[in-house]
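> Sequence plus predicted model, see below.
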Amino acid sequence: MEDTATIRLGSENFEFPLLKGTEGEMALDTRTLRAKSGFIAFDEGYGNTGSCLSDITFIDGEKGILRHRGYPIEQLAEHSGFLETAMLVIYGDLPPEECFDAFRFSVRENASIHTGMHHHFDGFPSYAHPMAILSAMLNSLGAYYPEMSSNDREQDLAHFNETAALLISKVRTIAAMTYRMKMGLPFVYPDHNRRYAENFLHMMFSKPYNDYVDEHGAAKALDLFLMLHADHEQNCSTSTVRMVASGGANLFASVSAGVCALWGPSHGGANMAVIQMLEDIHKSGDDGTRFIQAAKEGKAKLMGFGHRVYKNYDPRAKILGKSAEGILKSMDIKDPMLDIAKRLEQAALEDPYFIERKLYPNVDFYSGIILKAIGIPVEMFTVMFAIGRMPGWIANWKEIADNPKSRIHRPRQIYTGATLRDYVAMGERE
Ligand code: ACO
């Protein structure tokens, strides 16, 4: 195949290089399009735009493939855990034992929050959304570590390893403290003897003189949930992190922006919306048939279905769908939401509307049922997604920061507003 392509615009031909990824993905390199021809590429929503070269995650949405650094998500789900996958995503390979131990140690040592930050929680009303608190807290956290959040690239990178472990650790502590504050409960300090997911559950649910005990494997289920969310290439929040990083911003500021981008119901907020939808269906006595009909008529959206990239099963949804039953069983929970979800999935997969549009369950379809079984309140679901996504945001920030040729991200637009007009004064105005 040729390594250039010719485009004819008007009466002129222009030649552009072709790019090929390691998995055979092809792209037309249009970086010189405007300089050569005066045209720009228009791609609202970026559905057809490659914004970067990246070594982290590969997705083939048509085949339902997801791999981190070459490892299939199915293998990682079976053999790995959240912290090991976090290292894989951030550093490029499965860590040797001593590196993994050092990382785990750093995560453990960084679990507490500066007591000065405890007071920030007092400023929020109890009805504040936990994503608003999380984003504000992550940005504020940087203020406590000026040497890691200097916006001087060289200096921020010199502290990268510590900052990465610190953020992975503290995002979990901040999340648990947010929940305790909203519930009017005293903060619970991290317990250094507990593993990552179990320590989170301890900080969420321990009571005075009644420490949280994981009797039914909730920590294992949570670890799987977090692991499956570790990265997902150039989605809305990760692209936001890269966008903010491209201006030279530090890692704290960049991931704080990522949290805001994740919040919306079309992105990370969908896991909350799925449970709300399932509960509404349950309350209305519908077996899912009426809801599917409403979705087809454009009167409702089947939350947890559809994806910009996957035109096949999201492999994470397959893993979570399979695990959900076992997790609920081990916890001795019977949740009618799981039955409704299964019925909806079955009905949608057989319906021409969903088949023609290639709409399949995405990661959010079953994740809420698992979080609910663990005892996480619905309002905290998107926060849980943010904890899981932290390694991906960090790895993507690093790709930008490490690249000396990285340019500030600055898309163009097609202006459709008023053309030039003369200002006519309408009398004296303040
Ligand atoms: N229910 C019913 N119809 C749907 C759904 C859905 N969940 N998703 C897409 N469609 C329909 C659209 O109405 C459109 O129909 P049309 O061709 O008749 O106009 C068609 O399918 C194509 O949909 P788009 O909106 O073009 O898909 P897009 O790629 O822009 O959006 C998105 C993807 C946002 C995920 C969408 O499918 C959606 O809103 N899903 C529900 C929310 C959700 O689960 N979000 C989580 C995504 S995964 C994540 O971020 C972790």
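Sure, I can see it.

> Residue 170 touches residue 111, doesn't it?
Yes: Residue 170 lies in contact with residue 111 (C-beta atoms under 8 Å); the separation is 7.2 Å. In short, each C-beta sits where N, CA and C put it, glycine included.

> ok, those two, which is more surrounded?
residue 170 (25 against 20; other C-beta atoms under 10 Å).

> Can you pull the phi and psi angles for that one?
Per-residue torsions, residue 170: phi -70, psi -30 (degrees, to the nearest 10).

> what's the pLDDT at it?
pLDDT, residue 170: 98.

> residues in contact with it?
110, 111, 113, 141 (C-beta atoms under 8 Å, 6 or more residues apart in numbering).

> Excluding chain neighbours, what is closest to the third one?
When you say that, I think you mean residue 113. residue 173 (5.5 Å; C-beta to C-beta, 6 or more residues apart in numbering).

> Kindly report the same for residue 206.
Nearest non-adjacent residue to residue 206, counting by C-beta to C-beta, 6+ apart: residue 212, 4.4 Å away.

> how far away is that neighbour from residue 19?
50 Å (C-beta to C-beta, to the nearest Å).

> Over in this structure, which residue gets nearest the ligand? Let me know.
Nearest residue of the chain to the ligand: residue 306, at 2.3 Å (C-beta to the nearest ligand atom).

> Report how many residues lie close to that residue.
Number of residues near residue 306 (other C-beta under 10 Å) recorded here: 20.

> same question, residue 349
Neighbour tally, residue 349, other C-beta under 10 Å: 14.

> Most neighbours of all the contacts of residue 170, which one?
Among the contacts of residue 170, the one with the most neighbours (other C-beta under 10 Å) is residue 141, at 23 neighbours.

> Would you check that residue 186 makes contact with residue 180?
Yes: using C-beta under 8 Å, residue 186 is in contact with residue 180, at 6.9 Å.

> Mind checking which of these two has more residues around it?
The neighbour count for residue 186 versus residue 180, taken as other C-beta under 10 Å, is higher for residue 180 (17 against 10).

> so what does the strand ranked longest in the chain touch, helix or strand wise?
In the chain, ranked by residue count with DSSP state E as the criterion, the top strand is strand 12-20. The contact analysis (3 or more C-beta pairs under 8 Å, 6 or more residues apart in numbering; DSSP states H and E) places strand 12-20 against strand 4-9, strand 26-28, helix 33-37.

> again, only using 6 Å
Applying 3 or more C-beta pairs under 6 Å, 6 or more residues apart in numbering; DSSP states H and E, we find strand 12-20 packed against strand 4-9, strand 26-28.

> Please enumerate residues in contact with it?
Residues from elsewhere that reach strand 12-20, judged by C-beta atoms under 6 Å, 6 or more residues apart in numbering: 3, 4, 5, 6, 7, 26, 27, 28, 29, 36, 37.

> From these, pick the one nearest residue 151.
Within the contacts of strand 12-20, the smallest distance to residue 151 is 30.3 Å, found for residue 29 (C-beta to C-beta).

> And the pLDDT at the closest residue to the closest one other than its chain neighbours?
The spatial neighbour of residue 29 that comes closest, neighbours along the chain excluded (C-beta to C-beta, 6+ apart), is residue 17 at 4.5 Å. Confidence at residue 17, expressed as pLDDT, is 97.
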